[in-house]
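**Student:** Got a predicted structure here, sequence first:
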Amino acid sequence: MTYQTDRPEPLRHVEHVMGTVFSFDLREVAAADRPRVQAALDGAVVGLHRVDELFSTYRPDSEISRLRRGELTLSRCAPEVWDVLRMCEEAEHRSGGWFSARYAGGRPDPTGLVKGWAVERAARMLVSSGAGSVCVNGGGDVQVHGGPWRVGIADPLRRGELAAVVEAHGELAVATSGPAERGCHIIDPRTGRPPAQGLASVTVIATSLADADAWATAACAMGAGRARAWLGRLADAEAFVITADGATWHTSGFARYTAGLCV
């Protein structure tokens, strides 16, 4: 990709945290704003490590782990934990219980929402600092501002290939859930087992990445039968789905975001 010589060079950064890779791409940063934007980028990276310290279910010293073991009460948790668990409750209500942050014997596990929330928060911090065009990618879940941006949706059944490309302008989020990257980690909260009707991946487009992340997780938990009707009724969101046998379908408004469907 080439850039006009009269435009400032973009700021980019890659960080390994929360068990995945986060990438930052900041464009349209005026020379006078670069120190402030760079400071915000440094702060956003520190913020991701704090999210890991608070929410990792793999770190025994995280607040979520201590809360799950009964060593810490919610009233003594950090404000971020309060905020995320409240958002999880709202997502559970809006999804009719298909999104749940209480998989493990009723113990809190906000994994299905917290990464999207963290990426969205980092992107807003960078926009507020003066970056005119921002893309933050956390393990394939993307929040953009400005643009235009092109966001690829990976084909879970053909490694290294894309299933679709989303044209992103303004404030937009793209989140994908499914078993391709992490194995079968999504369960039906009503049975405690993987969904009977498997989906290879569900991609949701919305304004908020926290919402998109939760809706993609909920749709995977529903399985193919329920997910199609539910995603079609979902307000302010569109979806693209690949089933376990390789078939694809999308909601009626998804096509307006696409630069192309590759399958």
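**Tutor:** Nice, I can see it.

**Student:** Whichever strand or helix holds residue 66 - contacts with which helices or strands?
**Tutor:** Taking DSSP states H and E as the criterion, residue 66 maps to helix 63-68. With contacts taken as 3 or more CB pairs under 8 Å, 6 or more residues apart in numbering; DSSP states H and E, helix 63-68 sits against helix 34-55, helix 79-94. The C-beta positions use only the backbone N, C-alpha and C, and glycine is treated the same way.

**Student:** Could you list the residues in contact with it?
**Tutor:** Applying CB atoms under 8 Å, 6 or more residues apart in numbering, the contact partners of helix 63-68 are 53-57, 59, 72-74, 77-78, 81, 104, 107-110.

**Student:** Out of the residues you listed, which end up buried?
**Tutor:** Listed as buried from the contacts of helix 63-68 are 53, 54, 55, 56, 57, 72, 77, 81, 108, 109, 110; burial here means 16 or more other CB atoms under 10 Å.

**Student:** distance of the most centrally placed residue in the chain from residue 242?
**Tutor:** Nearest to the mean C-alpha position of the chain, counting by CA atoms, centre = their mean, stands residue 116 at 3.3 Å. Between residue 116 and residue 242 the distance is 20 Å, computed by CB to CB, to the nearest Å.

**Student:** Ok, residue 157 next?
**Tutor:** Applying CB to CB to residue 157 and residue 242 gives a distance of 7 Å.

**Student:** What of residue 35?
**Tutor:** Here the criterion is CB to CB. By it, residue 35 lies 44 Å from residue 242.

**Student:** for this protein, what are the low-confidence residue spans?
**Tutor:** The model of the chain has pLDDT under 70 over residues 1-6, 103-105, 179-185, 196-197, 259-263.

**Student:** run the last query once more with 80
**Tutor:** Residues of the chain meeting the criterion pLDDT under 80: 1-8, 102-106, 179-198, 259-263.

**Student:** That one: helices as residue ranges?
**Tutor:** Secondary structure of the chain by DSSP state H: the helices cover 34-55, 63-68, 79-94, 111-129, 209-222, 224-233.

**Student:** what would those helices look like in TSV with distance to residue 256?
**Tutor:** Output for these, formatted as TSV (distance: least, CB to CB, whole Å):
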stretch	distance to residue 256
helix 34-55	30
helix 63-68	38
helix 79-94	23
helix 111-129	22
helix 209-222	16
helix 224-233	15
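
**Student:** how about these, which one is nearest residue 7?
**Tutor:** Closest of those to residue 7 is helix 34-55, at 12.7 Å (criterion: CB to CB).

**Student:** can you count the residues close to the closest residue to residue 36 other than its chain neighbours?
**Tutor:** Computed as CB to CB, 6 or more residues apart in numbering, the closest residue to residue 36 that is not its neighbour in sequence is residue 129, at 5.2 Å. Using other CB atoms under 10 Å, residue 129 has 21 neighbouring residues.
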